[in-house]
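**Q** Below are the sequence and a predicted model; questions follow.
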Amino acid sequence: MSLLGMSPALLATAPTDAGQTTSQAVKSSQGSAPREEGKITAVNPKGNPPPIQLIPMAPRLDSLDGKKVYLVDTGFHGSDVLLHQIEAWFSANMPGTTTVFKRKAGPYAEDDPVLWKEIKSQGNAVIMAVGH
Amino acid sequence: MGIPSAPLVTKAFKDLAILNAAKRGMPHERICFTPHPIWGKTPEEVRAYVEGSDPVTGKPLMKEVVDALTVPLSEEDKKSGTVSVSTGPATFTDTADNLQELYLNNGYTDFLPIILPTEEKVDRMMRATSHKPDEVVGKMAAGAYPPWSYTVRQVAASAVMAGCRPEYFPIILAIASSGMASLFSSTNSFAFAMVINGPIRDKLEFNYGIGALGPFAQPNATIGRAWTLLSKNLGNGGIPGDTYMGSLGNNLNYNNVVIAEHEDASPWVPFHVQKGFKKEENVVSLFRGLGVVPGQVARGSSANENVQFDYQMSDLFSTFTGFFGALIIADPLVAARLKEQGYDTKEKLIDWLYKNTTQTVKDYKSRNYAYLFDYPRALRGDEPWATWYKLPDDAVIPHFPRASDFNIVVAGGQTNAYPQAGNLSYGVSVSIDKWM
């Protein structure tokens, strides 16, 4: 993960307090130590990442029995095929769960507030697919 | 949304999905993974994926999906608050050799040797602008990530690293202020280009003559390189698997396509004037797309007495995706011939190209980009795609949705009458003078 420029600490544990600092995987030789013979000081070229606002995850359901699960197709190739197979899996294995297939409006990167509103008012959970 | 969700992502995007969730504030999001790819698989093959295991964890996929929605949250999952992210100390002190290694290993470079951004060199760079060292220049993101911000000093560091002279710095600041990164997270391996207009082309000795697009002048070479270093360092782009997913990558990303327009040899108005600037203003205009192809491959490109560059260009563009625009880079000889044919303005040529570069609806619908981007717009009722998707397969439609998808610049040494063309969309034009 350090090769990706992201501290594993960010993923391994969430901070316990607001304001905690995590760092990218920056190798630092001498930091800003006083210059010594034969040494030079160079400027760190990295910009300033925004702070991360932690978002509490939504409470989970006790079970999916009797619940309505929205299957949301992002529009990537094959997402519909995958979600229809998941739909079939629920019918065969968890018939007490209702599934609703929906294709998200607009290209995959665009928001679809109308669908989110529908899901929030009528659904209990979401399965969204898929990235390629 | 406030209700439980289980995102499904293919295995190839594991790091991207986990890191993106973490950067957006949900480091413990319960992401489930399928084999990669899903695209092109039959329903039977996909059913086997659904009934099989998550390739990341090895656990049954659907059990993971159900668990993601039903297993109670841990205290970690419920946390809120703010986490600041550090990118290390403001400076590093060591020997020159060790600093070269450090900058390489920290991912600050393009893996070519750099000029170390010593405090002295960075200060000298900053003296080429009236803007203060700690002034925030802008924000940049390498795709669908929260953007990073940066100061004049941080921009100057990358400019030094790329080999820029201080007098180039206002151009670098103008590019940085646009917020447009030249490295993008897409799997498509995007390419980027810039067009330089105004007297600064001569003042800084840009090459817009023989070999205009080649490595034959310091400003063309280093300013283009600087854009990529800015994108890596200021926008945190170009980290494979995280902020960069281009499957093949793109060699043009080393220093991008830098085009100083040959304004004096052009029969048309300069590009920046088309965008509302005065001729005496210095402007950089930025483009994004897939790359550049040579005009020699077009049909009708053999030498004859009635060479028709308009048809050649139209032929070239018929292979482009209409998702991005078409940028014509015309040698002055090409431009002069086009004017002789009656195209005495860029707008006349663009109008002809828009109307005569066409495709059948059947061909259009078979294109990947149409399915991914235009079809969803058509479903939503956006035009012209909604109308195009209702037409019969043999109907003929424009290859590009708008005439404004075409752009024309003139550059080259007039040693032969060849155009090049980029499948590149115009993004933005930025005043260089404001950063002097």
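**A** Structure's in. What do you need?

**Q** need the contact list for B:Trp227.
**A** Contact analysis of B:Trp227 by C-beta atoms under 8 Å, 6 or more residues apart in numbering or on different chains lists B:172, B:175, B:182, B:192, B:194, B:255-256. For the C-beta atoms, the positions are set from N, CA and C on the backbone; glycine is no exception.

**Q** try 10 Å this time
**A** Applying C-beta atoms under 10 Å, 6 or more residues apart in numbering or on different chains, we find B:Trp227 in contact with B:158, B:162, B:171-172, B:175-176, B:178, B:180-183, B:192-194, B:253, B:255-256, B:258, B:284, B:286.

**Q** Identify the residue nearest it in space, chain neighbours excluded?
**A** B:Ser182 (4.5 Å; C-beta to C-beta, 6 or more residues apart in numbering or on different chains).

**Q** I figured the one you found hits B:Leu252, correct?
**A** Yes - counting by C-beta atoms under 10 Å, B:Ser182 touches B:Leu252, with 9.0 Å between them.

**Q** Those two: who's more crowded?
**A** Between B:Ser182 and B:Leu252, counted using other C-beta atoms under 10 Å in any protein chain shown, the more crowded position is B:Ser182 (32 against 20).

**Q** Determine the three-state secondary structure at the more buried one.
**A** coil (DSSP: H, G, I helix; E, B strand; the rest coil).

**Q** Quickly note the distance from it to chain A.
**A** 15 Å (C-beta to the nearest C-beta, to the nearest Å).

**Q** And for B:Ala68, the neighbour number?
**A** 20.

**Q** Apologies, that question was intended for B:Pro199.
**A** Other residues within reach of B:Pro199, judged by other C-beta under 10 Å, total 13.

**Q** mean confidence for the top helix by length along chain B?
**A** The single longest helix within chain B, with elements called by DSSP state H, is helix B:218-233. If you average the pLDDT over helix B:218-233, you get 98.

**Q** can you give me how far that helix is from the chain middle?
**A** With C-alpha atoms, centre = their mean, to the nearest Å as the basis, helix B:218-233 stands 13 Å off its chain's centre.

**Q** Quick check: buried residues in that helix?
**A** Buried positions in helix B:218-233, judged by neighbour count with 16 or more other C-beta atoms under 10 Å in any protein chain shown: B:218-233.

**Q** Does the lowest-mean-pLDDT helix or strand in chain B reach chain A?
**A** Within chain B, no helix or strand scores below helix B:368-369, which has a mean of 86 by mean pLDDT, DSSP states H and E. Yes - counting by C-beta under 10 Å from any C-beta of the partner chain, chain A is contacted by helix B:368-369 at B:368-369.

**Q** from the buried residues of helix B:218-233, which is closest to chain A?
**A** Ranked by distance to chain A (C-beta to the nearest C-beta), those are led by B:Asn233 at 4.2 Å.

**Q** correct me, but that closest one touches B:Tyr150?
**A** Yes - counting by C-beta under 10 Å, B:Asn233 does reach B:Tyr150; the two are 8.1 Å apart.

**Q** Which residues are in contact with each of these two?
**A** Common neighbours of B:Asn233 and B:Tyr150 (C-beta under 10 Å, 6+ apart) are A:45-47, B:140, B:157-158.

**Q** Turn these into TSV, columns for distance to B:Asp94 and neighbour count.
**A** Formatted as TSV, the shared contacts of B:Asn233 and B:Tyr150 follow (distance: C-beta to C-beta, whole Å; neighbours: other C-beta atoms under 10 Å in any protein chain shown):
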residue	distance to B:Asp94	neighbour count
A:Pro45	15	28
A:Lys46	17	25
A:Gly47	22	27
B:Met140	28	27
B:Ala157	16	32
B:Ser158	19	32
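
**Q** Identify, from those residues, the entry nearest to B:Tyr108.
**A** Ranked by distance to B:Tyr108 (C-beta to C-beta), those are led by A:Pro45 at 5.4 Å.

**Q** That closest one: what's its closest spatial neighbour, skipping adjacent residues?
**A** Closest to A:Pro45 by C-beta to C-beta, 6+ apart is B:Ala157, at 3.7 Å.

**Q** hang on, that neighbour packs against A:Ala42?
**A** Yes - the pair B:Ala157 / A:Ala42 is scored as a contact, 7.9 Å apart, by C-beta under 10 Å.

**Q** Name the residues contacting each of those two.
**A** Joint contacts of B:Ala157 and A:Ala42 (C-beta under 10 Å, 6+ apart) are B:91, B:103, B:108, B:116-119, B:121-122.

**Q** Strands of chain B, residue ranges please.
**A** Remark: strands assigned in chain B by DSSP state E are B:5-10, B:32-34, B:81-86, B:91-94, B:136-140, B:148-151, B:191-197, B:257-260, B:283-294, B:326-330, B:358-360, B:396-398, B:406-410, B:419-431.

**Q** where does the chain have low pLDDT?
**A** Assuming you mean chain A. A:1-36, A:131-132 (pLDDT under 70).

**Q** Switch to chain B, please.
**A** B:300-305.

**Q** in stretch B:288-304, what counts as buried?
**A** Under 16+ other C-beta under 10 Å, the buried positions of stretch B:288-304 are B:288-293, B:295, B:298, B:301.

**Q** Might you report the residue contacts of B:Ser404?
**A** B:325, B:350, B:354, B:425-426 are the contacts of B:Ser404 under C-beta under 10 Å, 6+ apart.

**Q** about what we covered before: narrow the contacts of B:Trp227 to those that are buried.
**A** Members of the contacts of B:Trp227 classed as buried by 16+ other C-beta under 10 Å are B:158, B:162, B:171-172, B:175-176, B:178, B:180-183, B:192-194, B:253, B:255-256, B:258, B:284, B:286.
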